[in-house]
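Asker: structure for the following, please:
(chains A and B)
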Amino acid sequence: MANKSLKKVQLKSLLDKIAGSGQLIAPIQSDGITLFKPVQSGEGVVLDYQNAVIPPKDFFFPQSEKMFSYDTSDPTWAIKPEEGVPERVLFGARPCDVKSILLLDKVFDAEFRDDIYIDKRNKTTIIAVSCNDCRHTCFCGAFGISPGEAEGADLLFTDLGGRYLVEVLTDKGSTLAAECSDLLSDDDGNGPAAKEKAVAPAKEKQMNIDLEGVKAKLDNMFEHPIWAEESLRCLGCGTCTFICPTCHCFDIVDFNNQSSIGYRYRCADSCQFANFTRAAGGHQPRPSKMERIRQRFMHKLRYFVDRYGDFGCVGCGRCLEKCPVNLDIAQIINKVKEVG
Amino acid sequence: MCSTREVAHPLLPYPATVTKIIDETPDVKTFQVVFDDPAILENFGNKPGQCAMLSILGVGEAMISITSSPTRKGMLEFSIKKIGRLTSVIHELDVGDKLAIRGPYGNHFPFDMMKGKNCLFIAGGIGLAPLRSLIDYVLDNRDDYGRVDIIYGARSYADLCFKYDIFDRWPKVKDTNVYVTIDREEEGWDGHVGFVPSYLEELNPPSEDTIPVTCGPPIMIKFVLQGLDKMGYKDEDIITTLEMNMRCGIGKCGRCNIGEKYICVDGPVFNLAQIKQLPPEF
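Answerer: Below you'll find the predicted structure:
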């Protein structure tokens, strides 16, 4: 479908319309924090943010989710899977976060297909929004991501001042655009060039991190002293993993509140915790923070590449911003390049 | 995973019932189980060396190797050492009680590649449990394989698992030798005394056309591998298993990786050449 255009003043009407016909998830601000939440209308949806504190990953792989219920007093145990999600639209995902969902697909839509995740993916139409500006922690360019491209999204909006350029990227996007056709007009042909100008600041101002040779170097750095040095200041809090858009590790927990009826959940877990790899009987392959931070950086920059053919990081900068001791993956990349 | 459910979520377990319990040692019991829906077992398709996730709802879930060979139809067997919270609860089960099971997971022993070859099985303690699925598979297809030597050891006589197999059933099969050892002298024991790796070197079974497969505690495996190396085996032919803490069993929860390999889907069976490629973090 050809490029479309949406007048900025019409955005609220568009979001109202989407929210009226299904679930809408969009960035809102509460107490000064930008978060993706289900909303009833376009009211309060924010657009002048660089990135939400928590990535929209949570709507595909929630921090905690019920998998099934059971009743041990029932002779069959009555194991019953949870119902899926309604059809919904995720509005406002930034290009880095969209890419992170493609990376999660590699994990969850693989050999053993994860139906709970795939149900959410299939029922979600993603409207990405290009970045006109960036935070001081952004470095998506290192991973070949552009602030003005969003492969994996269904529609891409770019703020051109008085209007949005609306690029239709998939059939799903085309369907949604058709449903909103009364609010959209055809782009006058100037959209793509105007987009390049609009996203230029986000490209130019972001950190310039070059990954050339980093993977090859890490292939031989398992025993390197850098991990022990860097781990000295790590607090083991796990914040980096909980706010990461590509981290997918989880625990499985039963909850029954002393009753025969219970639920099995899965919830986000962190490779930064000792219990993550400690087995019954005492086997502990990652006994100290050295092994655990090595696992985190190796997983993102080496193991994920070997397993899935892409880096497990999108340069969103959340972990740089939130780490209480500035243990910074961008710095690690630079240090890996420097050390012998 | 095969399923009769419409939505075959890979993390949903299937209820099963304990049909027999064998006390193997003071802390190991073997549980024979059948699925409540017989179609699940028919379509289970487990191969020797594969594992399954066993759970008690409300307590937890753990990856346990399937001890029975797929040639033994109509049930699955799991030999379980009482070592943590879940296994302690499992040890309290009686015949007729329920377990939930999902699987089978992981790769399997190379039983096809081993056809026509001699087999050398080396196990210590509960390490015989995963190997037993392969041993029974080989012995149930006896004519497809050459000589079978089984070297098995435990701390004491009481700690030997599957006494009915190692002393009675297996030695009666043609061309099959079982060598049993215990770590320390003990009243009433007139068999071999010593650790498994030194017994292996002492026996020095012929290595020609032989595939060695070893399972056991890490320290035993370490010295067995050194012994096999001295005997001239190629790394590609030496088969062993690795173990890590697991949750999902399907390569997603992220905790059982060694380098880029997930032990739950790429393992637990590896040859020594593959293990030497992994970062030393196990």
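Asker: CA only for contacts and neighbour counts going forward, please
Answerer: Will do.
Asker: mind checking pLDDT for B:Glu6?
Answerer: Reported pLDDT at B:Glu6 in the predicted model: 40.
Asker: what is the burial count for the closest residue to chain A within the stretch 101-250 of chain B?
Answerer: Residue of the stretch 101-250 of chain B nearest chain A, by CA to the nearest CA: B:Asn245 (5.0 Å). Using other CA atoms under 10 Å in any protein chain shown, B:Asn245 is surrounded by 21 other residues.
Asker: residues touching B:Ile182, list them.
Answerer: Residues in contact with B:Ile182 (CA atoms under 8 Å, 6 or more residues apart in numbering or on different chains) are B:153-157, B:192-195.
Asker: out of those, which is most surrounded?
Answerer: Counting by other CA under 10 Å, top hit in those: B:Gly153 with 30 neighbours.
Asker: the helix or strand hosting it packs against which elements?
Answerer: Taking DSSP states H and E as the definition, B:Gly153 sits inside strand B:148-154. Strand B:148-154 makes packing contacts with strand B:118-124, strand B:176-182, helix B:196-203 when contacts are defined by 3 or more CA pairs under 8 Å, 6 or more residues apart in numbering or on different chains; DSSP states H and E.
Asker: tell me how the chain divides into domains.
Answerer: Using chain A. What the record gives for chain A is the domain set A:4-54+A:84-205, A:214-247+A:269-338, from automatic domain parsing.
Asker: my question was about chain B
Answerer: As given by automatic domain parsing, the domain ranges for chain B are B:14-105, B:118-241.
Asker: any idea how far A:Asp97 is from the closest residue to A:Cys96 other than its chain neighbours?
Answerer: Once flanking residues are discounted, A:Cys96 sits nearest to A:Val314: 5.5 Å by CA to CA, 6 or more residues apart in numbering or on different chains. To A:Asp97, A:Val314 is 7 Å away according to CA to CA, to the nearest Å.
Asker: what residues are shared contacts of these two?
Answerer: With CA under 8 Å, 6+ apart as the test, A:Val314 and A:Asp97 reach no residue in common.
Asker: follow-up on the earlier one: and B:Gly96, which of the helices and strands packed on strand B:148-154 is closest to it?
Answerer: strand B:118-124 (30.8 Å; CA to CA).
Asker: residue 32: neighbour count?
Answerer: As the question left the chain open, I've gone with chain A. 7.
Asker: you looked at the wrong chain, it should be chain B
Answerer: Close neighbours of B:Gln32, defined as other CA under 10 Å, add up to 20.
Asker: now name the helix or strand holding it.
Answerer: strand B:28-35.
Asker: which parts of the stretch 1-150 of chain B sit against chain A?
Answerer: Contact residues (CA under 8 Å from any CA of the partner chain) of the stretch 1-150 of chain B with chain A: B:7-10, B:12, B:15, B:36, B:57-60, B:83-84.
Asker: which pair in these spans the largest distance?
Answerer: The distance between the two most remote of the residues of the stretch 1-150 of chain B next to chain A (CA to CA) is 34.1 Å, for B:Val7 and B:Ile83.
Asker: nearest spatial neighbour of the closest residue to chain B within the stretch 1-150 of chain A, skipping sequence neighbours?
Answerer: Across the stretch 1-150 of chain A, the shortest distance to chain B (CA to the nearest CA) belongs to A:Asp115, at 5.5 Å. If the residues on either side of it in the chain are set aside, A:Asp115 comes closest to B:His9, at 5.5 Å by CA to CA, 6+ apart.
Asker: quick check, the one you found in a helix?
Answerer: No. Checked against DSSP: H, G, I helix; E, B strand; the rest coil, B:His9 lies outside a helix; its state is coil.
Asker: doesn't A:Val336 belong to a helix?
Answerer: Yes. The assignment for A:Val336, made by three-state DSSP, places it in a helix.
Asker: for residue 133, the count of nearby residues, please.
Answerer: In the absence of a named chain, chain A is used. Neighbour count for A:Asp133, taken as other CA under 10 Å: 20.
Asker: wait, chain B was what I had in mind.
Answerer: Neighbour tally, B:Ser133, other CA under 10 Å: 24.
Asker: how about B:Phe223?
Answerer: Neighbours of B:Phe223 (other CA under 10 Å): 16.
Asker: the one 4 residues further on too?
Answerer: Close neighbours of B:Gly227, defined as other CA under 10 Å, add up to 17.
Asker: wait, isn't it in contact with B:Pro197?
Answerer: Yes. Between B:Gly227 and B:Pro197 there is a contact under CA atoms under 8 Å: 6.7 Å.
Asker: near chain B, which residues of the stretch 101-250 of chain A?
Answerer: A:107-108, A:112-116, A:222, A:248-250.
Asker: mind jotting down where the helices sit in the chain?
Answerer: All of this refers to chain A. With helices called from DSSP state H, chain A shows them at A:11-21, A:95-108, A:115-122, A:171-179, A:191-205, A:214-218, A:226-231, A:239-242, A:289-298, A:304-308, A:318-322, A:329-338.
Asker: chain B, not that one
Answerer: So, for chain B - with DSSP H - the helices run B:38-42, B:85-91, B:128-140, B:163, B:196-203, B:218-230, B:263-266, B:272-277.
Asker: how many other residues sit next to A:Ala216?
Answerer: Using other CA under 10 Å: A:Ala216 sits among 11 other residues.
Asker: now it: how far from A:Val305?
Answerer: Counting by CA to CA - A:Ala216 and A:Val305 are separated by 11 Å.
Asker: then B:Asp229?
Answerer: Relative to A:Val305, and taking CA to CA, B:Asp229 is found at 33 Å.
Asker: so which of these two has more stuff around it?
Answerer: A:Val305 (16 against 13).
Asker: follow-up on the earlier one: would you mind finding the most buried of the helices and strands packed on strand B:148-154?
Answerer: With neighbours defined as mean count of other CA atoms under 10 Å in any protein chain shown, these peak in mean count at strand B:118-124, which reaches a mean of 24.
Asker: point out where the chain drops to low pLDDT.
Answerer: Let's take chain A. Scanning chain A for pLDDT under 70 picks out nothing.
Asker: to clarify, I was referring to chain B.
Answerer: For chain B, the ranges with pLDDT under 70 are B:1-8.
Asker: you'd agree B:Gly45 is up against B:Pro104?
Answerer: Yes. B:Gly45 sits in contact with B:Pro104 when judged by CA under 8 Å, with a separation of 7.5 Å.
Asker: neighbour count winner among the two?
Answerer: B:Pro104 (22 against 13).
Asker: can you pull up the most central residue in chain B?
Answerer: B:Pro130 (0.6 Å; CA atoms, centre = their mean).
Asker: the residue nearest to B:Phe162 when sequence neighbours are not counted: how many residues sit nearby?
Answerer: Of all residues beyond its chain neighbours, the one nearest B:Phe162 is B:Glu24 (6.2 Å), with distances taken as CA to CA, 6+ apart. B:Glu24: 20 surrounding residues under other CA under 10 Å.
Asker: next one: A:Glu111
Answerer: Neighbour tally, A:Glu111, other CA under 10 Å: 11.
Asker: go on, B:Glu208?
Answerer: Close neighbours of B:Glu208, defined as other CA under 10 Å, add up to 10.
Asker: relative to B:Tyr233, how far out is it?
Answerer: B:Glu208 is 9 Å from B:Tyr233, by CA to CA.
Asker: test my guess that B:Gly74 contacts B:Leu41.
Answerer: Yes. Between B:Gly74 and B:Leu41 there is a contact under CA under 8 Å: 7.2 Å.
Asker: between the two, which contacts overlap?
Answerer: Both B:Gly74 and B:Leu41 are contacted by B:Val34, under the criterion CA under 8 Å, 6+ apart.
Asker: for the spatially closest residue to B:Met63 that is not a sequence neighbour, give its distance to A:Pro95.
Answerer: Nearest in space to B:Met63, with sequence neighbours left out and distances taken as CA to CA, 6+ apart, is B:Met53 at 4.5 Å. Distance from B:Met53 to A:Pro95, counting by CA to CA: 38 Å.
Asker: before we move on, what about B:Pro130?
Answerer: B:Pro130 is 47 Å from A:Pro95, by CA to CA.
Asker: please apply the same query to A:Asp187.
Answerer: Look at A:Asp187 and A:Pro95: by CA to CA, they are 21 Å apart.
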